[in-house]
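1. Structure for the following, please:
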Amino acid sequence: MPIYHQLGEIPSKRHTVFRKPDGNLYAEELVSTHGFSSVYSLVYHCHPPTLVKEIREPYDVSPKIAREKHLKHTSLRGFQVKPTADYLESRVPVLVNSDLHISLAAPQESMTDYFYKNSQADEIIFIHEGTGKLKSGYGEIPFKYGDYIVIPRGTIYQIEFDTKDNRLFIVESFEPIKTPKRYRNEHGQLMEHAPFCERDIVRPSNLKTYDETGDFEVKIKKQGLIYPYVYATHPFDFIGWDGYHYPWAFSIHDFMPITGMLHQPPPVHQTFETNSFVLCSFCPRMYDYHPDSVPAPYNHSNVDSDEVLYYVDGDFMSRKSVERGQITLHPGGIPHGPHPGTVEKSIGQTKTEELAVMIDPFRPLMMTEEALAIEDPDYYISWINS
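-> Numbers count the residues shown, from 1 in each chain. Okay, the predicted model is just below:
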């Protein structure tokens, strides 16, 4: 998110002498993206961030593809993913391609014994159930139901949960995650017609400096492998930092839907974008107000992209028998639309209470073995059997 932010102590000029109280230098680190040509932050460590004591044997966490090519409307029962104690072990990839991985997770325990860094993908963690806080060297971000946590690649973090009851919808993007370009002016500021603004963005706060030495395990993900690194100093030893590259959060409940006299297309719900997919938030809103409007969405042929919908809460006007945590995949190449009877039922209605996250990838998605285990095999005939 292109908002300048600063926490802790920093020198008045970049790349200048900045000493600790004992006279030794703090260690400056530039965390940059796209080489030196995109957003970056300057971080000041108590110790150099390069003090590696050991690199343990990497292990494979690549998705296991079960269905590489398919042309069938598919539904996954997301809450059938079983709770797992460890945060990383709980992450279950279900739909993937070369641009993004979509995972479900039900972690029960906070990260206390290790830290995690995704070195090649930005992450969006949608909090379906649970509360807690994201901890990193940049500070802390509290989270609750409905929050999107955006963690840029290269960020070392831990998640602290308040209880064992947590449900997460996770997107790993191999391209930078941005706010929609059409909502930003030439200076990067969100414009008046945007469905959210900078006031809604939660930035890190409560910076705590951990000036500690010892053995600190950081599990680093790259190219489908987890590399357990052991560092000699605590990863959260930031005395201060400033810049544009840091984790941040945004609540789906702060998204202000754009409505119209007639049915609005899905792009009005767009929340994030990359060069390879978009993410939209479907939120409670007033229906169309033309006297003859049909609020239910029309039949639609996915020509250029698959469509993924993650159902969060509420009553969905176009679907029957929707479950919390359900994922539908409508692949590109065939049409999909409202279930029989839902169009007529929607006429005359004034509002919807639906809450969902939608992803449209521009390349086809593949299904994993874990996805097949929670698939509803009869979903594709739900239109004729409704």
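
2. all contacts plus neighbour counts: C-alpha atoms, from now on.
-> Fine.

3. I'd like the next helix or strand past the lowest-mean-pLDDT helix or strand in the chain.
-> Every helix and strand in the chain was compared by mean pLDDT, DSSP states H and E; the lowest is helix 342-346, with a mean of 83. As assigned by DSSP states H and E, the chain's next helix or strand after helix 342-346 is strand 351-352.

4. Which elements pack onto the helix or strand where Ala66 lies?
-> Using DSSP H and E, Ala66 maps to strand 65-67. With contacts defined as 3 or more Cα pairs under 8 Å, 6 or more residues apart in numbering; DSSP states H and E, strand 65-67 has these neighbours: strand 366-368, helix 369-373.

5. Deepest-packed of the ones you listed, please.
-> Highest mean neighbour count among the helices and strands packed on strand 65-67 (mean count of other Cα atoms under 10 Å): strand 366-368, with a mean of 20.

6. Run me through the strand neighbours of that strand, direction for each.
-> Strands adjacent to strand 366-368 in the sheet, as given by DSSP bridges, are strand 65-67 (antiparallel), strand 92-96 (antiparallel).

7. Beyond the shortest one, next helix or strand please.
-> Per DSSP H and E, strand 65-67 leads on to strand 74-77 as the next helix or strand towards the C-terminus.

8. How about residues contacting that next one?
-> Strand 74-77 is contacted by residues 323, 325-330, 371, 374-377, 379-380 when judged by Cα atoms under 8 Å, 6 or more residues apart in numbering.

9. Equivalent analysis for stretch 51-62, please.
-> Residues from elsewhere that reach stretch 51-62 (Cα under 8 Å, 6+ apart): Asp215, Gln223, Gly224, Leu225, Ile226, Tyr227, Pro228, Tyr229, Val230, Tyr231, Ala232, Thr233.

10. and the fifth one, what are its phi and psi?
-> What it means is Ile226. The phi/psi pair for Ile226 (degrees, to the nearest 10) reads phi -110, psi 120.

11. what's the neighbour count on it?
-> When counting by other Cα atoms under 10 Å, one arrives at 22 neighbours for Ile226.

12. do the same with the last one
-> For Thr233, the number of neighbouring residues by other Cα under 10 Å comes to 23.

13. Cross-check the contact I'm expecting between it and Val218.
-> No - Thr233 lies out of contact with Val218 (Cα atoms under 8 Å); the separation is 10.8 Å.

14. which ones are touching the residue sitting nearest the centre point of the chain?
-> With distances taken as Cα atoms, centre = their mean, Ile124 lies nearest the centre of the chain, 1.3 Å away. Applying Cα under 8 Å, 6+ apart to Ile124 gives the contacts Tyr148, Ile149, Val150, Ile151, Ile170, Val171, Glu172.

15. can you pull up the bridge partners for the residue lying closest to it once chain neighbours are set aside?
-> Once flanking residues are discounted, Ile124 sits nearest to Val150: 4.6 Å by Cα to Cα, 6 or more residues apart in numbering. In this structure, Val150 bridges to Ile124, Trp248 when assessed by DSSP bridges.

16. Now the buried members of the contacts of stretch 51-62.
-> Among the contacts of stretch 51-62, those classed as buried by neighbour count (16 or more other Cα atoms under 10 Å) are Asp215, Ile226, Tyr227, Pro228, Tyr229, Val230, Tyr231, Ala232, Thr233.

17. Pick out whichever of these sits closest to Glu9.
-> Thr233 (19.3 Å; Cα to Cα).

18. Look up how far Pro63 lies from the closest one.
-> To Pro63, Thr233 is 32 Å away according to Cα to Cα, to the nearest Å.

19. ditto for His339
-> From His339 to Pro63 the distance is 32 Å (Cα to Cα).
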